[in-house]
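Peer 1: Quick one, structure for this:
(chains A and B)
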Amino acid sequence: KQEVTQIPAALSVPEGENLVLNCSFTDSAIYNLQWFRQDPGKGLTSLLLIQSSQREQTSGRLNASLDKSSGRSTLYIAASQPGDSATYLCAAKANAGGTSYGKLTFGQGTILTVHP
Amino acid sequence: SQTIHQWPATLVQPVGSPLSLECTVEGTSNPNLYWYRQAAGRGLQLLFYSVGIGQISSEVPQNLSASRPQDRQFILSSKKLLLSDSGFYLCAWRGQGGHQPQHFGDGTRLSIL
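Peer 2: A predicted model of the protein is given here:
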């Protein structure tokens, strides 16, 4: 059974800092890994999706990396801004087939606060 | 572009009452559809998913049910709500095949009294 862990659970940084959020998963046989952002009381917004054959994906100030062999992914946020404050979740997608069908297993999230 | 709508945004219901939450997707056809529940401190739990009209798979046994009467409509229901059904319910969709990301609605906050 896939388990996804995110460290740290919460992070508070001053504006302008570069930061790294960590995600680890127990079963390396994933299809892809997705990073989401969730603002309080809202749904999830998809940030980046890394395919199992890829090492990283970039979108603006965000860069996500994937190391399947070690069961880890990181989300790097450059030059953080107060508007980046949110909960960040990672989710590992299982390979389709059997009973897994390709479901997403979510981590508990990292609560990020960027203060001015 | 594709959009996903969930309603209502908030709902307060007494124990034992019925439930119907609706989710619709626009701008795509034949999406995979999902219902999740997010409880405080417990992360996102997949409740149901659907790969087509009338095709529903349940992940967790419970007193909830789901239906997909139309291609882009997904409904979460209950005949009698329990206190433990309180939570934040999220609908999501994904395009068929390949490495398609999941996209979420804004959720429904359900409080059971």
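Peer 1: Which pLDDT value belongs to residue 46?
Peer 2: Here I'm looking at chain A. pLDDT, A:Ser46: 96.
Peer 1: Chain B was what I was after
Peer 2: pLDDT, B:Leu46: 92.
Peer 1: And for A:Val114, the neighbour number?
Peer 2: As a burial measure, A:Val114 scores 20 neighbours (other Cβ atoms under 10 Å in any protein chain shown). C-beta: built from backbone N, CA, C; applies to glycine.
Peer 1: Just confirm yes or no for the helix or strand containing it near chain B.
Peer 2: Using DSSP states H and E, A:Val114 sits in strand A:110-115. No: Strand A:110-115 lies out of reach of chain B by Cβ under 8 Å from any Cβ of the partner chain, never closer than 12.0 Å.
Peer 1: For the worst-scoring helix or strand of chain A on mean pLDDT, which strands pair with it and how are they oriented?
Peer 2: Scoring the helices and strands of chain A by mean pLDDT, DSSP states H and E places strand A:104-106 at the bottom, with a mean of 93. Applying DSSP bridges, strand A:104-106 is found paired with strand A:86-94 (antiparallel).
Peer 1: Residues touching the partner strand, excluding its own?
Peer 2: The contact list for strand A:86-94 (Cβ atoms under 8 Å, 6 or more residues apart in numbering or on different chains) reads A:2, A:4, A:6, A:21, A:23, A:25, A:27, A:29-40, A:44, A:47, A:73, A:75, A:100-112, B:44, B:102.
Peer 1: Could I have the CA atoms of it written out in PDB?
Peer 2: Taking Å, rounded to 0.1, in the frame of the first residue of the first chain, the C-alpha atoms of strand A:86-94 are listed here in PDB:
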ATOM      1  CA  ALA A  86      -1.000  28.100   1.200                       C
ATOM      2  CA  THR A  87      -0.900  24.300   1.900                       C
ATOM      3  CA  TYR A  88       1.100  22.300  -0.600                       C
ATOM      4  CA  LEU A  89       0.200  18.700  -1.200                       C
ATOM      5  CA  CYS A  90       1.900  16.100  -3.300                       C
ATOM      6  CA  ALA A  91       0.100  13.000  -4.700                       C
ATOM      7  CA  ALA A  92       1.600   9.900  -6.200                       C
ATOM      8  CA  LYS A  93      -0.300   8.200  -8.900                       C
ATOM      9  CA  ALA A  94      -0.200   4.400  -9.100                       C
END
